[in-house]
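Asker: Give me coordinates for this.
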Amino acid sequence: MDEQQWKIAKKVAATYIGTVVGAGFATGREIVEFFTVHGTYGTIGIFASGLLFVWLGTKMMLLAARIQAYSAQEFNKYLFGDFFGNIINVILLLVLLGVTSVMLSGAGAVFEEQLRLPRQFGILLTIIACILILTRGLQGVFEVNSLVVPIMMIFIVGMYSTTLFKTWPLVLDSIPTESWNTRWITSPITYVAMNLAMAQSVLVPLSYEVKDEKVIKWGGILGGLGLFLILICSQLAILTVDQFYQYNIPMAEVVRRFNSTFHFFFILVIFGEVFTTLIGNVYGMNKQLQSMTGWRHNGFIYGILLVGYCVSYVGYGQLLHMLYPLIGWISLVLLPLIALKKHP
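Answerer: Just a heads-up that it's a prediction; the model follows:
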């Protein structure tokens, strides 16, 4: 590949990483639930997740590029057929709207709890920034992820490097003492399935616009490896925290050992991960609604953010409680379909 292709591949990788990671990832809670509670087995699970992110994330983007899927709408119809594809697209749209509401609420919480600024100010500032970026289309999404993702990776790898000598003995000593269970085997599969199901709203239209298969392939490989690196470094840093499972924000306990500069970066990373997930969701929903209606205009962005803003005040928790189990089942069907589908 030439220099320009590598440049775009790195942007694809950053967007892949930025779309998958969210606030739960930054705080460490997500990693604890899926991996750290299983100790050494969880660390093995992270290696399996990394492999799946590289293989299936790349294959999903290549399939989307080859069938020229404008959005997740066409991609799911290709995988599931017209009837079931339409049902799945509606469910995914509702889940993404729910997650968008949660991200807006999370942005407000970062301003209120960490920066001591009004919650409404944080939400409105986030909405304005989101609109300004998304009016630039895919280029705007690329630019944000290309800025935020390297900062996030430097922070997390830096955090791990400070605990390097403490960690590996803990990994070897952290084999759970409870009776044998298979959750550590299923956790990597369900984790990757959930994340790819949600990320397809961004990765599918991204592949449509990039088109160059070599760029997409290397973007997927680099993105999957980047996700593995962040996962393993976060896992190893969290293992150094005593009774990590009792904390809502375990990564904050790692940060607490350091000075206020680290704390500022931690706030920046959490907000950055909230923001990259937010713009990814809105970008993907905008493309999906354009595909469903045939109206290729960015006016949907304003409507999505307005609805997301309103829902962030009312029962979004209940909405996610109802829809997440559905997305979980869809996700588990999605992975084998992507894995077994032959390239057209």
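Asker: CA atoms for contacts and neighbours, from now on please.
Answerer: OK.
Asker: Let me know the secondary structure of Trp295.
Answerer: Following DSSP: H, G, I helix; E, B strand; the rest coil, the label given to Trp295 is coil.
Asker: let me fix that: Lys342
Answerer: Classified using three-state DSSP, Lys342 is coil.
Asker: Report how many residues lie close to it.
Answerer: 9 (other C-alpha atoms under 10 Å).
Asker: Over to Trp329?
Answerer: By other C-alpha under 10 Å, neighbour count at Trp329 equals 13.
Asker: Could you check how far it is from Gly106?
Answerer: Here Trp329 is placed at a distance of 26 Å from Gly106 (C-alpha to C-alpha, to the nearest Å).
Asker: Check Tyr191 too.
Answerer: To Gly106, Tyr191 is 21 Å away according to C-alpha to C-alpha.
Asker: Over to Cys130?
Answerer: Cys130 is 14 Å from Gly106, by C-alpha to C-alpha.
Asker: Please apply the same query to Gln73.
Answerer: 28 Å.
Asker: now Leu138
Answerer: Noted for Leu138: a distance of 24 Å to Gly106, by C-alpha to C-alpha.
Asker: The two - which one has more neighbours?
Answerer: Shown here are Leu138 and Gly106; by other C-alpha under 10 Å, Gly106 has more neighbours (21 against 18).
Asker: Identify each buried residue in the helix or strand harbouring Leu92, please.
Answerer: According to DSSP states H and E, Leu92 maps onto helix 82-109. Neighbour-count burial for helix 82-109, with 16 or more other C-alpha atoms under 10 Å as criterion, is recorded at 85-86, 88-89, 91-109.
Asker: my read: Gly280 touches Val141, true?
Answerer: Yes. Gly280 is in contact with Val141 according to C-alpha atoms under 8 Å; the separation is 7.1 Å.
Asker: count of residues packed around Tyr160?
Answerer: Summarising burial for Tyr160: neighbours were counted as other C-alpha under 10 Å, giving 23.
Asker: And the strand or helix carrying it, what does it pack against?
Answerer: Assigned by DSSP H and E, Tyr160 belongs to helix 138-162. Contact partners of helix 138-162 among helices and strands, from 3 or more C-alpha pairs under 8 Å, 6 or more residues apart in numbering; DSSP states H and E: helix 3-20, helix 119-134, helix 213-238, helix 260-293.
Asker: Tell me how far the shortest one lies from the chain's centre.
Answerer: Relative to the chain's own centre, helix 119-134 is displaced by 20 Å; criterion: C-alpha atoms, centre = their mean, to the nearest Å.
Asker: Roughly how far does Lys214 sit from Ala109?
Answerer: Lys214 sits 41 Å away from Ala109, going by C-alpha to C-alpha.
Asker: Quick check: next helix or strand after the lowest-mean-pLDDT helix or strand in the chain?
Answerer: Of all helical and strand segments in the chain, the minimum by mean pLDDT, DSSP states H and E falls on helix 164-173, at a mean of 56. Counting by DSSP H and E, the element after helix 164-173 in chain order, helix or strand, is helix 183-210.
Asker: For the stretch 51-200 of the chain, give me the ranges with low pLDDT.
Answerer: The model of the stretch 51-200 of the chain has pLDDT under 70 over residues 163-181.
Asker: Try it again at 50.
Answerer: 177-179 (pLDDT under 50).
Asker: cool, and the stretch 201-344 of the chain?
Answerer: Answering for the stretch 201-344 of the chain: no residues sit below the bar, that is pLDDT under 50.
Asker: just to revisit the earlier point, report the angle between the helix holding Tyr160 and helix 183-210.
Answerer: Inter-element angle recorded for helix 138-162 and helix 183-210: 150 degrees (by axes from the mean of the first three to the mean of the last three C-alpha atoms, to 10 degrees).
Asker: And Gly308, which helix or strand is it part of?
Answerer: Per DSSP H and E: Gly308 is located in helix 299-311.
Asker: Mind giving me the packing neighbours of that helix?
Answerer: Helices and strands touching helix 299-311, as assessed by 3+ C-alpha pairs under 8 Å, 6+ apart, comprise helix 82-109, helix 119-134, helix 260-293.
Asker: For that helix, C-alpha coordinates in CSV please.
Answerer: Output in CSV follows, covering the C-alpha atoms of helix 299-311 (Å, rounded to 0.1, in the frame of the first residue of the first chain):
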residue,chain,number,x,y,z
GLY,A,299,-31.6,16.6,8.7
PHE,A,300,-32.0,13.3,10.6
ILE,A,301,-29.1,14.2,12.8
TYR,A,302,-31.0,17.0,14.4
GLY,A,303,-34.1,14.8,15.0
ILE,A,304,-31.9,11.9,16.5
LEU,A,305,-30.2,14.3,18.9
LEU,A,306,-33.5,16.0,19.9
VAL,A,307,-35.1,12.6,20.6
GLY,A,308,-32.0,11.4,22.4
TYR,A,309,-31.9,14.5,24.5
CYS,A,310,-35.6,14.0,25.5
VAL,A,311,-35.2,10.3,26.2
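Asker: re earlier: closest one to Ile151 among the helices and strands packed on helix 299-311?
Answerer: helix 260-293 (7.4 Å; C-alpha to C-alpha).
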